[in-house]
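*Asks:* Return a 3D structure for these sequence lines:
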Amino acid sequence: MKFFLEDRYIPVGKVGFQDNDHEGRPYDMLGRADTGKRISDLVERIDQPLVIAFDGEWGSGKSHFLKLWTGAHVIENGGTARVIYFDAFEHDYLDDPLPSLVGTVQEQWRDKKGVANTFSRVRTAAAKLAKPITRVGLAAATAGATEIAVAAVDPILEATGKELSKAVDDFWKKESARRSAMEEFRKALVGLTEVKDGPPQKIVFVVDELDRCRPDFALALLEIIKHFFAVPNVHFVLGSNLRSLENSVRARYGDKIDAAGYLKKFIHLTLKPPRSHGSLDAHAATAYFRSLSNLLQVPSAVASEIEHHFRYLTRQEVVSLRDVERIVAHTQLIPKLGLMQNGYRYLLVAATMLRILAPDTYSKLRSGSATHSDILSIYGLDSSFDTDDGFITWSREFWMAALSGVGSGDEFRRYLRDCFSGDRKEYVEQILGRHLDNFTFQKD
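*Replies:* Numbers count the residues shown, from 1 in each chain. So this is what the prediction gives:
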């Protein structure tokens with residue numbers, strides 16, 4: 001038995017949504033191939049520079065999706081654009097994102113034949129734009145300082161020590177020089193898209209983990225994309241939580257700034273991870289849970305009850321993919337959960353859901369102060385909710401009986417009598433203390 005699936009290595013650019021890993025498990029457990037096709041169709045049709053934000057909460061599967069789409073664009077969707085994957089978080093120890101972006105282009109450009117001179121122009125132009133402190137980084141990212149120095153004609157690149165520092169300062173004081181260097185870089189970048197006697201070679205940068213970066217680095221990267229890379233046939237797909245990026249804007253410019261308005265200067269379109277999987281009313285969390293429970297061999301009785309909860313919790317949009325993993329891991333810790341009486345099993349499954357998704361309510365439950373109304377509110381319901389839905393009826397009656405001893409029918413009371421006899425609140429606390437509170441995953 002396993003508690004959770006290990007993080008899987010994805011060979012970025014070499015596999016797509018339809019591929020399986022070395023153990024035969026599908027990479028795409030959420031059915032998001034159609035979303036990938038929509039992005040592919042868009043970037044192939046549009047010539048103007050386009051920035052798309054793939055906006056999702058932490059744990060919504062953004063990075064997993066983008067890594068698969070990087071390969072699927074060509075492998076499965078018939079795309080011709082060269083897709084360059086850039087993990088922004090891996091480079092945010094630098095002060096200037098430009099060297100990393102330029103280095104990544106050269107590193108991932110698969111067929112370099114015939115474009116050596118164009119790459120040299122890109123590197124030279126980037127070297128002129130790089131800040132002094134990042135010049136070494138640019139050299140390392142683009143195959144060596146010697147190569148850059150030979151290619152460059154600007155005297156700045158030939159200077160050393162104090163002469164270099166003064167030359168750079170003088171250069172950046174001149175507005176015309178900055179504009180000239182920026183235009184030179186853009187022309188060099190356009191050169192990468194030009195194909196003799198053929199349609200332009202589109203380039204798509206997939207910038208992942210942007211919301212995990214330091215605010216200064218993340219915003220500097222957006223500025224560079226807007227001012228340096230805004231040329232025809234060059235697109236960007238950003239993996240980020242826009243709310244986190246807005247916090248980065250406020251951290252840099254103060255709380256009074258219109259952070260959402262600021263980001264609109266850089267982002268043309270926003271795409272959110274799809275909620276549906278197979279049908280319009282099913283949440284991605286449920287789809288992921290089904291795949292996960294099958295791979296981890298979650299007992300069918302336990303899996304069925306968890307799915308009942310998801311039907312209502314997902315309406316509130318409080319469940320992330322990381323939450324699903326944690327719920328499964330915690331239920332796997334409970335010995336013989338699938339063989340327990342229904343009342344016991346329901347209590348432990350429901351309490352596990354609360355522990356992960358509503359820790360404050362779970363604390364009240366453990367202290368004996370929770371009411372059934374507290375619990376039902378997590379599902380967007382209240383004690384007056386009237387429905388013929390069996391799950392709601394059961395849940396409401398269960399918590400009323402478990403926490404206060406009040407139930408609406410003798411049959412229901414008889415069903416729970418072996419589980420809740422005597423002081424119900426005390427008994428609930430004993431069960432949870434015995435089965436749920438002994439272990440806590442460090443990932444919590």
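
*Asks:* where does the stretch 1-150 of the chain dip in pLDDT?
*Replies:* Low-confidence segments of the stretch 1-150 of the chain, defined by pLDDT under 70: 1-8, 59, 110-117, 130-150.

*Asks:* In it, what residue spans correspond to strands?
*Replies:* Using DSSP state E, counting those that start in this stretch, the strands of the stretch 1-150 of the chain run over residues 50-55, 82-87.

*Asks:* now for the last one, which elements pack on it?
*Replies:* With contacts defined as 3 or more CB pairs under 8 Å, 6 or more residues apart in numbering; DSSP states H and E, the secondary structure elements packing on strand 82-87 are helix 62-75, helix 98-108, strand 203-208. For glycine as for every other residue, the C-beta is placed from the backbone atoms N, C-alpha and C.

*Asks:* rewinding a little: adding distance to residue 434 and mean neighbour count, write the strands of the stretch 1-150 of the chain out as a markdown table.
*Replies:* Converted to a markdown table, the strands of the stretch 1-150 of the chain look like this (distance: least, CB to CB, whole Å; neighbours: other CB atoms under 10 Å):
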| stretch | distance to residue 434 | mean neighbour count |
| --- | --- | --- |
| strand 50-55 | 42 | 22 |
| strand 82-87 | 43 | 22 |
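
*Asks:* So which of the ones you listed is nearest residue 215?
*Replies:* Proximity to residue 215, assessed across the strands of the stretch 1-150 of the chain by CB to CB, is greatest for strand 50-55 (16.7 Å).

*Asks:* Adjacent strands (with direction) for the closest one?
*Replies:* strand 234-240 (parallel), strand 269-271 (parallel) (DSSP bridges).

*Asks:* Dump those into CSV; add mean pLDDT as well.
*Replies:* Listed next are these as CSV, based on pLDDT from 0 to 100:
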stretch, mean pLDDT
strand 234-240, 95
strand 269-271, 91
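
*Asks:* just those strands: most buried one?
*Replies:* Highest mean neighbour count of these: strand 234-240, a mean of 26 (counted as mean count of other CB atoms under 10 Å).

*Asks:* what's downstream of that one, the next helix or strand?
*Replies:* helix 242-253 (DSSP states H and E).

*Asks:* now the angle between strand 234-240 and that following helix, please.
*Replies:* 90 degrees (axes from the mean of the first three to the mean of the last three CA atoms, to 10 degrees).

*Asks:* what residues does helix 242-253 touch?
*Replies:* For helix 242-253, the external contacting residues (CB atoms under 8 Å, 6 or more residues apart in numbering) are 53, 55, 210-211, 213, 215-216, 218-219, 257, 259-260, 262-263, 267, 270.

*Asks:* So which bits of it are buried?
*Replies:* 242, 244, 245, 246, 248, 249, 250 (16 or more other CB atoms under 10 Å).

*Asks:* Excluding covalently adjacent residues, which one is nearest to residue 351?
*Replies:* In this structure, residue 351 finds its nearest non-sequential neighbour in residue 432, 5.5 Å apart by CB to CB, 6 or more residues apart in numbering.

*Asks:* Let me see the contact set for that neighbour.
*Replies:* For residue 432, the contact set (CB under 8 Å, 6+ apart) comprises 347, 348, 351, 365, 366.

*Asks:* Run a quick neighbour tally on the third one.
*Replies:* By the other CB atoms under 10 Å criterion, the neighbourhood of residue 351 contains 22 residues.

*Asks:* In contact with it: list those residues for me.
*Replies:* 362, 365, 432, 436.

*Asks:* same question, the last one
*Replies:* Residue 366 makes contact with 429, 432, 433, 437 under the criterion CB under 8 Å, 6+ apart.

*Asks:* redo that, cut-off 10 Å
*Replies:* 351, 354, 355, 428, 429, 432, 433, 436, 437 (CB atoms under 10 Å, 6 or more residues apart in numbering).

*Asks:* for the fourth one, same thing?
*Replies:* With contact taken as CB under 10 Å, 6+ apart, residue 365 is in contact with 347, 350-351, 354-355, 358, 371, 374-375, 399, 402-403, 425, 428-429, 432.

*Asks:* count of neighbours near residue 343?
*Replies:* By the criterion of other CB under 10 Å, residue 343 has 18 neighbours.

*Asks:* Verify the stated contact: it with residue 349.
*Replies:* No - taking CB atoms under 10 Å as the definition, residue 343 is not a contact partner of residue 349, at 11.1 Å.

*Asks:* Is it possible to get TSV of the strands of the stretch 1-150 of the chain that adds distance to residue 119?
*Replies:* Formatted as TSV, these follow (distance: least, CB to CB, whole Å):
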stretch	distance to residue 119
strand 50-55	23
strand 82-87	13
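
*Asks:* what about residue 262, which helix or strand?
*Replies:* Assigned by DSSP H and E, residue 262 falls in helix 259-264.

*Asks:* got the contact list for the residue nearest in space to the middle of the chain?
*Replies:* A centroid search over the chain (CA atoms, centre = their mean) returns residue 62, at 3.0 Å, as the residue closest to the centre. Each residue near residue 62 by CB under 10 Å, 6+ apart is listed here: 54-56, 208-211, 238-241, 272-273, 321.

*Asks:* which of the residues you listed lies closest to residue 86?
*Replies:* Taking these together and measuring to residue 86 by CB to CB, the closest member is residue 208, at 6.9 Å.

*Asks:* which residues touch the residue nearest to the closest one when sequence neighbours are not counted?
*Replies:* Nearest in space to residue 208, with sequence neighbours left out and distances taken as CB to CB, 6+ apart, is residue 239 at 4.3 Å. Residues in contact with residue 239 (CB under 10 Å, 6+ apart) are 52-56, 62-67, 69, 86-88, 206-212.

*Asks:* Apply 7 Å and report the result again.
*Replies:* With contact taken as CB atoms under 7 Å, 6 or more residues apart in numbering, residue 239 is in contact with 54, 62, 63, 66, 207, 208, 209, 210.

*Asks:* could the helices and strands packed on strand 82-87 go into JSON lines alongside distance to residue 302?
*Replies:* JSON lines is the format used below for the helices and strands packed on strand 82-87 (distance: least, CB to CB, whole Å):
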{"stretch": "helix 62-75", "distance to residue 302": "25"}
{"stretch": "helix 98-108", "distance to residue 302": "44"}
{"stretch": "strand 203-208", "distance to residue 302": "34"}
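
*Asks:* quick one: which of the ones you listed is nearest residue 82?
*Replies:* Per CB to CB, nearest to residue 82 of the helices and strands packed on strand 82-87: strand 203-208, 5.2 Å.

*Asks:* Report the distance from that closest one to the chain centre.
*Replies:* Its chain's average C-alpha position is 15 Å from that of strand 203-208, according to CA atoms, centre = their mean, to the nearest Å.
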